[in-house]
Each structure stands twice: as structure tokens, then as C-alpha cells.
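J.: Test case, fold it:
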Amino acid sequence: MSLSLSHPVRLRPMSLDDLEFVSRLECDPEQWPFEESVAPCAEAVYDKYRQELNEQEQREHYNDIVEIEEQGEWRSIGMMQIWSYVAHRKSWELGYALASPYEGKGYATHALHQMLQFAFEELRAHKVVAMCHEDNIRSIQLLERVGMRREGIFKEELNWRGQWKDQYFYAILEHEYKRPIDPQS
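T.: Residues are numbered from 1 along each chain as shown. As a prediction, this is how the structure comes out:
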């Protein structure tokens, strides 16, 4: 699959220097229209990621920043995460968020391909899973675009705005993963 991008995209490990950006992203309710709740304040986000960044020896969580290159400088535009879902089954779950101005431009697709490559080639995952709200069409399309398939539906899993909503369960197996052609090479 070839993606035409206006700017190069990369993932890099999150650091303490990224916590201001991450807290702005996670505490913005407009950024999370399909979530049951949003981080209550920046300090809660800081505390969560400080703890995870300090526990890197266990390596059950990988938190990356999505960046694009603009005019020779790298700009943070989102985050991608992967964490151990069922360790003895070599299953990992992923999550992601892109700042609204950067959605719909192919950046999330490219970054998600990079995260899947990391999962299967570095973590030696057998399976990578993701979940999304039934009304989150962009997320559904993104997961399917990178080769994930809907494996199930958790009926009325989320209480969203006073209504019970389904959550879709997506997955891709190691032998199904095909590394995409890098559009930046």
C-alpha cells in the first residue's frame, strides 16, 4: 500500500518533555468524542505517564509520539501506544490519538503501520488487537485500512452520553501482517 503524504511521519518514544503536549491531547474533550470519559486534568495525565515512563524496565507499555516533519523540524501531532493485552498469548493492544487538525491526511495510517511493524518485528507479537466505539467511523476505517479485521462486538459495552453503545474488537495476526511500502523512501 502506498500512501501519499505531504510530510514525513515518524514515531519516537515518549519522554517527560512530551507530557505537556500529551496532557493537552488527553484532557481535551473535543479530541475524544467517542470515549466514556476524558482525563480530568493535566496533573492526572502527568502522574500516569511519569509512572509508566519510570517503569520502562518491565516494558509492558510503549508510549510513542507521532511526529511530522515540517520545514526541517519535527512537530508532535499525536500519540500511539501499545501494551500487553494477554502476555502468555503474545497479544498486544494498541491505542492512538491524533490532534484534530492532522486527521484525514494519512498520518495515522502511516504511524499505525509503523506501530504494527514494531509489534510484530520487535515485540514478536502473535496478535495485535484494538477496540473502538461503534460510531467512530474514522477509527473503524483506519483499523481496516491497515489490515485489521473486526473479530467481534462487545454489545452495549460503553455508556456513552446516556446510551449503551457497542464496542468493536479488531485484530491482526502475525502471519496476516504485511509490511507496507514506505512512501517516504
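J.: switch to C-alpha atoms for all contacts and neighbour counts from now on
T.: Will do.
J.: Against which helices or strands is the lengthiest helix in the chain packed?
T.: Ranked by residue count under DSSP state H, the longest helix found in the chain is helix 42-54. Applying 3 or more CA pairs under 8 Å, 6 or more residues apart in numbering; DSSP states H and E, one finds that helix 42-54 contacts helix 19-26.
J.: Give me the below-cutoff pLDDT ranges for this protein.
T.: For the chain, the stretches with pLDDT under 70 are 1-5, 29, 31-40, 42, 55-58, 179-185.
J.: ok, and for the longest helix of the chain, which residues are buried?
T.: Neighbour counts over helix 42-54 (16 or more other CA atoms under 10 Å) mark 42, 45-46, 49, 52-53 as buried.
J.: Name the SS class of the closest residue in space to E176 that isn't next to it in sequence, please.
T.: Counting by CA to CA, 6 or more residues apart in numbering, E176 lies nearest to G147, which is 7.9 Å off, once chain neighbours are set aside. G147 carries the three-state label coil when classified by DSSP: H, G, I helix; E, B strand; the rest coil.
J.: From the geometric centre of the chain, which residue sits farthest away?
T.: G162 (26.0 Å; CA atoms, centre = their mean).
J.: SS state for K165?
T.: Quick answer, by three-state DSSP: K165 is strand.
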